[in-house]
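> Give me coordinates for this.
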Amino acid sequence: GSGRLGQPGDGAGGPPEGASHCRSKIRKELVQRKMNIVPMNEHHVPQIALLERECFADPWSQQSIASELHNPLSLWLVAQEGQTLLGYVGSQTCLDETDMMNIAVSPASRRQGVARALIEALVSALRERGSRQLTLEVRASNGPARQLYESLGFLQVGLRKNYYQNPKEDALILRKEWSL
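Take a look at the predicted model:
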């Protein structure tokens, strides 16, 4: 042979490598282009409460979520496409340390980069506000979330025994730190 490498579509190497990965990547990019991440406001609260009930065994009440709007320590961001809520993240900061209290993505919008975009936007906003670290708890059994957090630079710094109820389970404590 000539020693040349096959080019996609020329038949020399079979189907293009990663064709399905490419389609998946394009779909994710399309979703991200239409998605806006904005601070939570009062209009988001009912949708967030609904998503809380859909995603968690022990959801926050609508009243508890609404109270975060008036908490100067809180920063909640929502990902939306038009008027549709795709997901949200909630945090509280004390001095230069922030705790990510909640994150959820609607089942129809999962595996499309929404959680990653929310966390990246949160870290960016926290850095601007002078926070130097973000800590969170995650169920030990939640492999997809743990993989996402690891890919974003979070490291395990501790364990909380029996932190979660329904079902009872340990929480891993993860932290991401940065310099200002």
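> so where's the chain uncertain?
1-33 (pLDDT under 70).
> what ranges do the helices span in it?
Along the chain, the segments classed as helices by DSSP state H run 19-34, 45-55, 62-67, 114-128, 143-151.
> what would the ones you listed look like in TSV with distance to residue 174?
(Each C-beta comes from the backbone N, C-alpha and C, glycine too.) Below are the helices of the chain laid out as TSV (distance: least, CB to CB, whole Å):
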stretch	distance to residue 174
helix 19-34	24
helix 45-55	19
helix 62-67	23
helix 114-128	11
helix 143-151	5
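> Residue 165 is nearest to which of the ones you listed?
helix 45-55 (15.1 Å; CB to CB).
> Show residues contacting that closest one.
40, 59-62, 65-66, 69, 76, 78, 85, 87-88, 102, 104, 106-107 (CB atoms under 8 Å, 6 or more residues apart in numbering).
> ok so, going back, pipe the helices of the chain into CSV and attach mean neighbour count per row.
Formatted as CSV, the helices of the chain follow (neighbours: other CB atoms under 10 Å):
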stretch, mean neighbour count
helix 19-34, 12
helix 45-55, 17
helix 62-67, 15
helix 114-128, 19
helix 143-151, 14
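> Bridged to residue 76, which residues?
residue 90 (DSSP bridges).
> Let me know which of the helices of the chain is the nearest to residue 171.
That would be helix 143-151 among these, by CB to CB, at 11.2 Å.
> Could you export that closest one as PDB, CA atoms only?
Provided in PDB are the C-alpha atoms of helix 143-151 (Å, rounded to 0.1, in the frame of the first residue of the first chain):
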ATOM      1  CA  GLY A 143     -21.600   7.400  40.000                       C
ATOM      2  CA  PRO A 144     -22.600   9.800  37.200                       C
ATOM      3  CA  ALA A 145     -22.600  12.800  39.600                       C
ATOM      4  CA  ARG A 146     -19.300  11.700  41.100                       C
ATOM      5  CA  GLN A 147     -17.700  11.400  37.600                       C
ATOM      6  CA  LEU A 148     -19.000  14.900  36.700                       C
ATOM      7  CA  TYR A 149     -17.600  16.500  39.800                       C
ATOM      8  CA  GLU A 150     -14.200  14.700  39.400                       C
ATOM      9  CA  SER A 151     -14.000  15.900  35.800                       C
END
